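Student: Sequence first, predicted model second:
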Amino acid sequence: MRSDWIDTTLGDFAPFNYGKALPERDRVPGDVPVISSAGVTGVHAEAFVQSAGIVIGRKGTVGRITLCMTPFWPIDTAFYIHDEPQKRDIRFTYYLLQTLGLDQMNSDSAVPGLNRDNAHALPISIPATVKEQSQISNILSTLDEKIDLNRRINQTLEAMAQAIFKSWFVDFDPVKAKIAAIEQGQDPLRAAMRAISGKTDAELDQMPREHHDQLAATAALFPDAMQDSELGEIPKGWAVGTLADLCHLNPESWSARTLPDIVRYVDLANAKGGEISEVKSIGGKDIPSRARRILRYGDTIVGTVRPGNRSFALIGEDGLTGSTGFAVLRPKSAHWLEFVHLVATSEANIERLAHLADGGAYPAVRPEIVIQEDVVIPAESIVQAFSQNVKPLFAKIQKNRKSAISLAELRDTLLPKLLSGELLVADLDKGALVP
């Protein structure tokens, strides 16, 4: 330990306080986060803690750490630490807690629980000044902010792809535009071009000839009439089916004999809302028994345990292994990749799965249920055009995701070294930290 660091205990540096109960029936709509041992679980109009702070899981999700930079309400399943800028840097404290193994300090085998006295007794070494604590946390938070930015960009890109999908395959905008144009004695092709691009006639005229012709070719693919089906009116010539018609379910799995010595593992907890936050390299006896699903580029994984938690993602590389808690959907043809992903991870399908999940404390659905989602199946030529339109969006998503994983790995490498004093802030090339 460096000479300008001090030895103390966690309780002396950042004492834990008990949260306060706030049943859902007593919550008033507002913008104050309500935080439990599992993280943010709702909002309220009033804050119990009037500063930034940290929430630590006490019961249930033991040792889970949530940083909140605004006033908040920690409920009674959790401890909290409030911000005292003169005594400690709150972000440094957040990162320090991640190195202490609080999630392993379960003092109650029946109901998981974290004992405050045991946590307070943990020995720690910390910089003597808040200034140096802040310098360390600034390095780590810079990486976290870049990771968060990548995720927010990806959410926007995914929303753009979903919007195009909805326009083409749910609302049938190009088809309806053609029908309306025919009824009004106008050019149906031009109407479909406007519906697809969102451009006016004047803007269409200003498009480069190559882009204009490509848009016209896409618009020409859509029919100009509707037909009845069991799902209601759909475009003429299209069919009704399910996701099972478009993809293979759990196509490959490791057996005890074929399981590699080391796997790059994706668990349910690491795939949320389309983002894979961490890929763990695990070997030998440490490989979980549920690490069995072989994942390949283009697969969509959807969590079947507590599906309402939105544990899903699109796989952007070969060589990963997923939990058996995922349903793995592999498109039957490459041009169905984006279509299958957007149907499987749509709000409608996730809400359907959450509604169907049963099992009380461990609600789940069978993998087969995931691919039973009804879907209107368009002509192959239109799906190919759709894939060409949204593929650049998904390419950007995968690039950002790889960057986020690399940044997370860098953060996790630096964190224990910075928090132990082994690595000095002055020794880092800060310009090289964020690509």
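Tutor: Nice, I can see it. Source: prediction; values computed, not measured.

Student: residues contacting the residue lying closest to Ile182 once chain neighbours are set aside?
Tutor: With sequence-adjacent residues excluded and distances taken as Cβ to Cβ, 6 or more residues apart in numbering, Ile182 is closest to Pro188, at 5.3 Å. Bear in mind the C-beta positions are built from the backbone N, C-alpha and C, glycine included. Contacts were defined as Cβ atoms under 8 Å, 6 or more residues apart in numbering; by that measure Pro188 touches Ala177, Lys178, Ile179, Ala181, Ile182, Asp224.

Student: And for the fourth one, the neighbour number?
Tutor: So the one you mean is Ala181. The criterion is other Cβ atoms under 10 Å. On that basis, Ala181 has 19 neighbouring residues.

Student: List the residues that contact it.
Tutor: By Cβ under 8 Å, 6+ apart, the contact list for Ala181 reads Asp187, Pro188, Arg190, Ala191, Ala192.

Student: Could you dump the contacts of Pro188 into a markdown table with distance to Glu158 and secondary structure added?
Tutor: As requested, the contacts of Pro188 are exported to a markdown table (distance: Cβ to Cβ, whole Å; DSSP: H, G, I helix; E, B strand; the rest coil):
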| residue | distance to Glu158 | secondary structure |
| --- | --- | --- |
| Ala177 | 25 | helix |
| Lys178 | 28 | helix |
| Ile179 | 30 | helix |
| Ala181 | 31 | helix |
| Ile182 | 34 | helix |
| Asp224 | 31 | coil |
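
Student: still on that earlier bit, any idea which of the contacts of Ala181 is closest to Leu410?
Tutor: Using Cβ to Cβ, Ala192 is the member of those that sits closest to Leu410, with 47.5 Å.

Student: doesn't that closest one fall inside a strand?
Tutor: No - counting by DSSP: H, G, I helix; E, B strand; the rest coil, Ala192 falls outside a strand, being helix.

Student: tell me the contacts of it?
Tutor: Contacts of Ala192 by Cβ under 8 Å, 6+ apart are Pro174, Val175, Ala177, Lys178, Ala181, Ala219, Ala220, Phe222.

Student: Per-residue pLDDT of the residue nearest to Ile182, please?
Tutor: In this model, Pro188 is scored at 96, pLDDT.

Student: Same question for the one 5 residues further on.
Tutor: pLDDT recorded at Met193 is 96.

Student: Let me know the distance separating Val62 from Ile397.
Tutor: To Ile397, Val62 is 33 Å away according to Cβ to Cβ, to the nearest Å.

Student: now Asp144
Tutor: Using Cβ to Cβ, we find Asp144 at a distance of 19 Å from Ile397.

Student: Neighbour count for those two, which is higher?
Tutor: Neighbours were tallied for Asp144 and for Ile397 using other Cβ under 10 Å; the higher tally belongs to Ile397 (23 against 17).

Student: quick one: the more buried one from Asp374, how far?
Tutor: Noted for Ile397: a distance of 26 Å to Asp374, by Cβ to Cβ.

Student: do Gly60 as well
Tutor: 36 Å.

Student: which residues of the stretch 101-250 of the chain fall in strands?
Tutor: With strands called from DSSP state E, counting those that start in this stretch, the stretch 101-250 of the chain shows them at 123-127, 226-227, 234-235, 239-242, 247-249.

Student: Just name the most buried of the ones you listed.
Tutor: For those, ranked by mean neighbour count under the definition mean count of other Cβ atoms under 10 Å, the leader is strand 234-235 at a mean of 22.

Student: so Ala344 touches Leu243, yeah?
Tutor: Yes - assessed by Cβ atoms under 8 Å, Ala344 is found in contact with Leu243 at 6.2 Å.

Student: can you map out the strands along the stretch 301-435 of the chain?
Tutor: For the stretch 301-435 of the chain, applying DSSP E, counting those that start in this stretch gives strands covering 312-314, 320-323, 326-331, 374-377.

Student: just checking, which of those sits deepest inside the structure?
Tutor: Greatest average neighbour count among the strands of the stretch 301-435 of the chain goes to strand 312-314 (a mean of 27), per mean count of other Cβ under 10 Å.

Student: What is it packed up against?
Tutor: Using 3 or more Cβ pairs under 8 Å, 6 or more residues apart in numbering; DSSP states H and E as the contact criterion, the elements in contact with strand 312-314 are strand 300-303, helix 380-420.

Student: Let's see that with 10 Å instead.
Tutor: Contacts of strand 312-314 with other secondary structure elements, assessed using 3 or more Cβ pairs under 10 Å, 6 or more residues apart in numbering; DSSP states H and E, are made with strand 271-272, strand 275-276, strand 300-303, strand 326-331, helix 337-344, helix 347-356, helix 380-420.

Student: and the longest one, how far out from the chain's middle?
Tutor: How far helix 380-420 lies from its chain's middle: 11 Å, per Cα atoms, centre = their mean, to the nearest Å.

Student: Show the average pLDDT along that helix.
Tutor: Per-residue pLDDT values across helix 380-420 average out to 92.

Student: what helices or strands is that helix leaning on?
Tutor: Short answer (3+ Cβ pairs under 10 Å, 6+ apart): helix 380-420 packs on helix 90-97, strand 123-127, helix 130-169, helix 209-220, strand 275-276, strand 312-314, helix 337-344.

Student: Please apply the same query to the third one.
Tutor: Applying 3+ Cβ pairs under 10 Å, 6+ apart, we find strand 300-303 packed against strand 271-272, strand 312-314, strand 320-323, strand 326-331, helix 337-344, helix 347-356, helix 367-370.

Student: Swap in 7 Å and give it another go.
Tutor: Using 3 or more Cβ pairs under 7 Å, 6 or more residues apart in numbering; DSSP states H and E as the contact criterion, the neighbours of strand 300-303 among helices and strands are strand 312-314, strand 326-331, helix 337-344.

Student: And the fourth one, by the same measure?
Tutor: Helices and strands in packing contact with strand 326-331 are listed as strand 247-249, strand 291-295, strand 300-303, helix 337-344; criterion 3+ Cβ pairs under 7 Å, 6+ apart.

Student: on that earlier part again, would a markdown table of the helices and strands packed on strand 312-314 with distance to Asn115 be doable?
Tutor: What follows is the helices and strands packed on strand 312-314, written out as a markdown table (distance: least, Cβ to Cβ, whole Å):
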| stretch | distance to Asn115 |
| --- | --- |
| strand 271-272 | 29 |
| strand 275-276 | 34 |
| strand 300-303 | 32 |
| strand 326-331 | 34 |
| helix 337-344 | 42 |
| helix 347-356 | 34 |
| helix 380-420 | 23 |
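
Student: out of the ones you listed, deepest packed?
Tutor: Mean neighbour count (mean count of other Cβ under 10 Å) peaks for strand 300-303 among those, with a mean of 27.

Student: what distance separates that strand from the centre of its chain?
Tutor: 11 Å.

Student: Neighbouring strands of that strand in the sheet, and parallel or not?
Tutor: Pairing partners of strand 300-303, with direction, according to DSSP bridges: strand 312-314 (antiparallel), strand 326-331 (antiparallel).
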